[in-house]
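**Q** need the 3D shape of this:
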Amino acid sequence: ANNKSKKGANSEENSFLAAMGDIDEEKVRNAKSMFSNEIEAEEYANSRRKLVELEKLELAKESKANKSKQDSTRLTKEWWCKDCGRFFNSDPKRCYRDLHTVTVKRRIKDETSTEQKRLQLQNKKTEDGGLILGSGLEWRNQFSSSK
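**A** Below you'll find the model as predicted:
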């Protein structure tokens, strides 16, 4: 039944082409709509729009992850052993083993200003991540001719 409908459609197509007279069949079969460029442009714009939305979502997730990472680096945890009278940056296993009284102190580090960061970098060598010549200077307006 399906073959008959295909044959019928094929014979209708051939009769249409025969009725049209002397026309290049290949040209007619491969003809495009005069709006095909507009449709392609609209499809491209839609796909770009979706891509931009996905990039925005990805950027928002990354910035949220970076923010929580920054917040976690500001939180510090210290262990204070009353018997030894010392602070530890990690779990004092020896004090626990010796049954010392250990308390955990959580603190929020103060955020350092740009000036403080530069002063810290000033004392380091370049190889150790210190300042590079001219790294703290603003160069944008140095050579503009504003007379």
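**Q** can you show me the strands along this protein?
**A** 75-81, 86-88, 102-108 (DSSP state E).
**Q** export these as a markdown table, with columns for distance to residue 49.
**A** Quick note: C-beta positions are derived from backbone N, CA and C, even for glycine. Shown next, in a markdown table, are these (distance: least, C-beta to C-beta, whole Å):
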| stretch | distance to residue 49 |
| --- | --- |
| strand 75-81 | 40 |
| strand 86-88 | 54 |
| strand 102-108 | 42 |
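**Q** can you get me a residue count around residue 88?
**A** 17 (other C-beta atoms under 10 Å).
**Q** ugh, wrong one, residue 111
**A** Per other C-beta under 10 Å, the neighbour tally for residue 111 reads 9.
**Q** quick one on the thing from earlier: now render the strands of the chain as CSV, adding distance to residue 23 and mean pLDDT.
**A** CSV is the format used below for these (distance: least, C-beta to C-beta, whole Å; pLDDT from 0 to 100):
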stretch, distance to residue 23, mean pLDDT
strand 75-81, 78, 85
strand 86-88, 91, 86
strand 102-108, 81, 86
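**Q** how about the contacts made by residue 44?
**A** By C-beta atoms under 8 Å, 6 or more residues apart in numbering, no residues touch residue 44.
**Q** what's the separation between it and residue 51?
**A** Counting by C-beta to C-beta, to the nearest Å, the separation of residue 44 from residue 51 is 10 Å.
**Q** of all the strands of the chain, which one comes closest to residue 59?
**A** Taking C-beta to C-beta, strand 75-81 is the member of the strands of the chain nearest to residue 59, at 25.1 Å.
**Q** between the strands of the chain, which one is nearest to residue 65?
**A** With C-beta to C-beta as the criterion, residue 65 lies closest to strand 75-81 of these, at 16.1 Å.
**Q** wait, residue 92 touches residue 78, no?
**A** No: the pair residue 92 / residue 78 is not scored as a contact, 10.3 Å apart, by C-beta atoms under 8 Å.
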